[in-house]
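In: predicted model and sequence below, questions to follow.
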Amino acid sequence: MMKRLLTLLAALMALSLPVSAQNGPLRIEITEGVIEPLPFAAPGFVPESGAARQLAQDIAQVVAEDLAGTGLFRQIPDSAFISQISSFSSPVQFADWKAINAQALITGAVDLQAGGRLVVKFRLYDVFAGQELGQGLQFAGTRDGWRRMAHKVADAVYSRITGEGGYFDSRVVYVSETGPKSDRKKRLAIMDYDGANVQYLTDSSSIVLAPRFSPTGDRILYTSYETGFPRIYLLDVASVRRRVLEDQEGTMSFAPRFSPDGQTVVYSVTRGGNTDIFRMNVATGQTKRLTSAPSIETAPSFSPDGSQIVFESDRSGTQQLYIMDANGGEPRRISFGKGRYGTPVWSPRGDMIAFTKQSKGRFHIGVMRTDGSEERLLTASFLDEGPTWSPNGRVIMFTRETQGAGGEASLYSVDISGRNLKRVKTEGGASDPSWSPLQN
Amino acid sequence: MKFVAKAIFLTSILGLAACTDAGRFGDDVYLNGGGAGVAGSADDPTSPLYFQQAVGDRVFFAVDQSTLSGDAQLTLDGQAEWMMTNTDYTAIIEGHADEQGTREYNLALGARRANAVQEYLISRGVAPNRLKVVSYGKERPIEICSQEACYSKNRRAVTILSAGLSS
C-alpha cells in the first residue's frame, strides 16, 4: 500500500487597496461566435528568494499554459517584451506592454520560506485601461502544492476576464489502459486536469470501468470485475478504501453516478438479460427501482437540482435519450435525430445534455438543450464516447479510440463551441474520464 | 464585476493513496477459458477440450441483436446435450459485443446475448443452477481489427465450463 498525504493551505489576501471599478475593455464574452484569443503577457514570476527561482519560472509557465490551453487566450512570447518585471511592487510601464499589444499582463512573485512554505502572489493588469483588474492575491501552501497554486492563479485570471468560474484547479479520474487490444489491462487513475500528478488507485488484476466523482470530489464510484461479475464499488479518495455497493447474486450492476447532494447513487442493474435503472441511498443501502421495461435502460445522470434523471433506452428500437423524474415515472424522449444516442450527462449549469452519438459508422460527442433542441455535434471520429463536463460547463472531456489492431484510447477535450479540440496528456492509454468539481 | 477586498482563508487537505490488492476471479477453475490450457483430450468426448472444439463453445450474433440463429441453436443443442451427459460441470456464459457501441450499452447488450444462450440451454434441459451469465460488453474482443470480419467474431456468447462446483 502506497500512501501519500498532501496538505495544502491556501491563503488569499488582498494586496492592494484600489479596486478596479469597471471591466474596461479587458473582457472575453464567451459566446458561440468566433473568438480572437486575447493576447496576454506572463513574464516569469519574480523569485523573492534564491530557492524560489525555478519555482517562479515553473509557476508562471503553468499559469500561461492553463490560460493558453483554453483557446481563449494567446501568450505573447517573452522575446517580444520591451520591459521586464523585476519587482512585484514597482509600477508597471503600461506603454511598454501596450506596444506589444498585451491586453492582459500577469505579474507574480514567489517566495520559498523556511520550513518549505511556498507563497505565490499575483496581479492582473488591464493594460489598455492602465489599471489592475481585481486585486492582487496571495496563495500560501506547501512546496508540493505548487501546481495547484499556479492553477488557482490561472482560475482567478480566467474568472476575472471571462466572468465565469474557472476549471484549472481540478482533477480527473479515469481508466488507465495498457497492453494489447485483446488483453487490455485497466486500472483506475487520478490526475490533475492537465495530466500532471498521476496516481493509480487500483491495480490491473480486474477490469475497471467508468469511474465517477462525487459532487465534492472525495469519493469515486466505479465498476469492477473483481468478483468475476461487474459490480459497483465506492472508493474513498483519501484512504483509497473501497466497498462494494451493490452485490446481488445473479445480477450485474454498472453505470453508477451520484446525485448532486452525494447521498444517492443512480445506476443500472441487469437481471435475466434485462437492464433497468435503480437508485440507492448510499448511507442506508435502500434501493428503489426507477424503470421497469424489457428494453435496455442505462447510463443515468442527475440534473444539477437533483429533480430529474436523463438516461438512454432502446425501447423505441434504437438507443435514444429520455428524461424522467428522479423518483421514476413516465419518461419523455428528448433525442429524435437520425442515429443512436447514448451516455447522456447533464451539464453543471443544468441547461444542456452532453451525449455520444453514433451515425453512419462514426461516433460524435454532442450537446443539446434539455428539451432536445439545438443539437450540436462537437466532434467526429472512429470512436468518441463518454463525455464529462468541466466544473464550469465550458469544456467537455471524452474518450477517443483509434481504429485497427493497434487501436488505443486517449482522453480529449473540446470546448462546447466545438473549438479547441486537443488531446489530454496521459501516460499510455486512457479512457472514461470523470472531471472533479473545482477544488477548495 | 466586484472583488471582495477582505482576506479569505481556505484550507484543504488532500489525501491520495494508491493500494494494490491481489486480484481474484472467484474460486472457480476455468477449464476452457482463453483457449490455452484447456483440460483433457480432444478425442475424449467427456473432456472440456472436446466441448470447446468439437461441440463448439461459442455462438455468434448479428449487429445489435441477441436472437439465436439456426446455426447458433444447433451449437447450443450440442452444448446442452454435453452438459446433460457431463453433469459434474457448471458453466458461465459470457456475453460480448463488438467495439461499435458505447460501453454501457454494450454491457447490457452482452448480457442479453448471454441470457439468450442461458434460456436456450435451460429450455433444452440444463438445470438453471448449473448456469451463470456475465457480460463483458466490448472489453474482451477476440479479434482486434476494426472491420466486420472481426466484429462478427466478437459479437459472441461463450460457454465457459467450470469443474466440481454446484451452486
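Out: Happy to help now that I have it.

In: please see if stretch B:145-152 touches chain A.
Out: Yes. Applying Cβ under 8 Å from any Cβ of the partner chain, one finds stretch B:145-152 touching chain A at B:C145, B:S146. From N, CA and C alone the C-beta is placed, and that goes for glycine too.

In: give the rounded mean pLDDT of that stretch.
Out: On average, the pLDDT along stretch B:145-152 is 96.

In: next one: stretch A:357-375
Out: Within the predicted structure, the mean pLDDT of stretch A:357-375 is 97.

In: does chain B sit close to that stretch?
Out: Yes. Judged by Cβ under 8 Å from any Cβ, stretch A:357-375 and chain B are in contact via A:Q358, A:G361.

In: distance from the chain centre to that stretch, please.
Out: Relative to its parent chain, stretch A:357-375 has a centroid offset of 20 Å by Cα atoms, centre = their mean, to the nearest Å.

In: and it, end to end?
Out: Length of stretch A:357-375, first residue to last, Cα to Cα, to the nearest Å: 11 Å.

In: in that stretch, which residues are buried?
Out: With burial defined by 16 or more other Cβ atoms under 10 Å in any protein chain shown, the residues of stretch A:357-375 counted as buried are A:K357, A:Q358, A:F363, A:H364, A:I365, A:G366, A:V367, A:M368, A:T370, A:G372, A:E375.

In: could you dump these to CSV with secondary structure?
Out: CSV is the format used below for these (DSSP: H, G, I helix; E, B strand; the rest coil):
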residue, secondary structure
A:K357, strand
A:Q358, strand
A:F363, strand
A:H364, strand
A:I365, strand
A:G366, strand
A:V367, strand
A:M368, strand
A:T370, coil
A:G372, coil
A:E375, coil
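
In: so which of those is the closest to chain B?
Out: A:Q358 (7.4 Å; Cβ to the nearest Cβ).

In: that closest one and A:Q319, how far apart?
Out: The gap separating A:Q358 from A:Q319 is 8 Å, by Cβ to Cβ, to the nearest Å.

In: residues shared between the contacts of the two?
Out: A:R340, A:G342, B:T102 (Cβ atoms under 8 Å, 6 or more residues apart in numbering or on different chains).

In: where do the helices of the stretch 51-200 of chain A begin and end?
Out: With DSSP state H, counting those that start in this stretch as the criterion, the stretch 51-200 of chain A has helices at A:53-69, A:94-99, A:146-162.

In: ok, which of those helices comes nearest chain B?
Out: With Cβ to the nearest Cβ as the measure, helix A:146-162 is the member of the helices of the stretch 51-200 of chain A nearest chain B (6.7 Å).

In: who are the packing partners of the closest one?
Out: The elements that helix A:146-162 packs onto, with contact taken as 3 or more Cβ pairs under 8 Å, 6 or more residues apart in numbering or on different chains; DSSP states H and E, are strand A:2-12, helix A:53-69, strand A:104-112, strand A:117-126, strand A:137-142, strand A:185-192.

In: go through those and pick out the most buried.
Out: Between these, strand A:104-112 has the highest mean count of neighbours, a mean of 24, where neighbours are mean count of other Cβ atoms under 10 Å in any protein chain shown.

In: if we can go back for a sec, save the buried residues of stretch A:357-375 as JSON lines, and put in distance to A:D276 too.
Out: JSON lines is the format used below for those (distance: Cβ to Cβ, whole Å):
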{"residue": "A:K357", "distance to A:D276": "23"}
{"residue": "A:Q358", "distance to A:D276": "22"}
{"residue": "A:F363", "distance to A:D276": "25"}
{"residue": "A:H364", "distance to A:D276": "27"}
{"residue": "A:I365", "distance to A:D276": "26"}
{"residue": "A:G366", "distance to A:D276": "26"}
{"residue": "A:V367", "distance to A:D276": "27"}
{"residue": "A:M368", "distance to A:D276": "24"}
{"residue": "A:T370", "distance to A:D276": "22"}
{"residue": "A:G372", "distance to A:D276": "23"}
{"residue": "A:E375", "distance to A:D276": "27"}
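
In: farthest pair within these?
Out: In terms of Cβ to Cβ, the buried residues of stretch A:357-375 reach their longest pairwise distance at A:F363 and A:T370, which sit 22.3 Å apart.

In: nice, that's everything, thank you.
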